[in-house]
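1. Next comes the sequence, and after it the predicted model I'd like to discuss.
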Amino acid sequence: MLLRKIYQVGYRPTNRLFATFPPSYIHPIFRHADQVALQEANDFERHTFLPVRPANSSQTSSVFYDPLVAKFTNHIMRKGNKILARGLLENTFMEIKRVQLAKYATNPNVELNPYKLLHQAVANSRPFLQTTPIKRGGHTYQVPIPIRPNASLAIALEWLINAGKEKDDDTRFWKQLAKEIIDAAEGVGKVIKRKQDLHRVCEANRAYAHYRWG
């Protein structure tokens, strides 16, 4: 009977038909900061009695969990080899620590935490504008448009990874990636230049910004 309905012309199955859990099931609130926010908003008791979906394997309440590090690991990963991606990122963090400790001898104000440096590097590398081709009157214009936050984060991570791959044959990937993260955290390097070049192109084409709503 179900297959007969599916093959009927114009039949639109509902999400409930194929979903594992009904929409009334909420997603798990596993992070401590989110739980504290619910308690401060006096909304914790209401969530206590709601049905909850099971948490994913990547969702954890550990204090060592960093969403940005987990996303960066997924961007580094190729062909599902997450163990290799984690190893490369761990080596990158160790190289960052080693480089920063060498600077610490002459400058005690150097940041030694590689996690903070990664967050700062990504924040400095995220673009805010990009150009998209829009055709008007037989001509194609490069129109500057704002970038969504999730897309901006993905672009910054990919830029850092690609900059790490642009290396000499005798240089390891994680060493080059560590150098690019340190440079981006300080506001210099290939990734920052690429971001500035993109914003410069958007500035040069700002006269065509009105075509975005045409």
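-> Perfect, I can see it now.
2. what secondary structure does residue 111 sit in?
-> Assigned with DSSP: H, G, I helix; E, B strand; the rest coil, residue 111 falls in the coil class.
3. my guess is it contacts residue 186, does it?
-> No: contact criterion Cβ atoms under 8 Å: residue 111 and residue 186 do not qualify, at 9.6 Å. C-beta coordinates here come from the backbone N, C-alpha and C atoms, glycine included.
4. where does this protein have its least confident helix or strand?
-> Of all helical and strand segments in the chain, the minimum by mean pLDDT, DSSP states H and E falls on helix 2-6, at a mean of 48.
5. show me what contacts residue 21?
-> Going by Cβ atoms under 8 Å, 6 or more residues apart in numbering, residue 21 touches 51, 53.
6. Swap in 6 Å and give it another go.
-> The contact partners of residue 21, taken as Cβ atoms under 6 Å, 6 or more residues apart in numbering, are residue 53.
7. what do you get for residue 88?
-> Residues in contact with residue 88 (Cβ under 6 Å, 6+ apart) are 76, 174.
8. cool, and residue 189?
-> Residues near residue 189 by Cβ under 6 Å, 6+ apart: 180, 183.
9. Any figure for the gap between it and residue 125?
-> Residue 189 is 9 Å from residue 125, where distance means Cβ to Cβ, to the nearest Å.
10. Equivalent analysis for residue 149, please.
-> Where residue 125 is concerned, residue 149 sits at a distance of 14 Å (Cβ to Cβ).
11. just residue 161 next, same as before
-> With the distance defined as Cβ to Cβ, residue 161 ends up 11 Å from residue 125.
12. How about the contacts made by the closest residue to residue 199 other than its chain neighbours?
-> Spatial nearest neighbour of residue 199, excluding adjacent residues (Cβ to Cβ, 6 or more residues apart in numbering): residue 129 at 6.0 Å. Contacts for residue 129 were tallied using Cβ under 6 Å, 6+ apart; they are 144, 199, 202.
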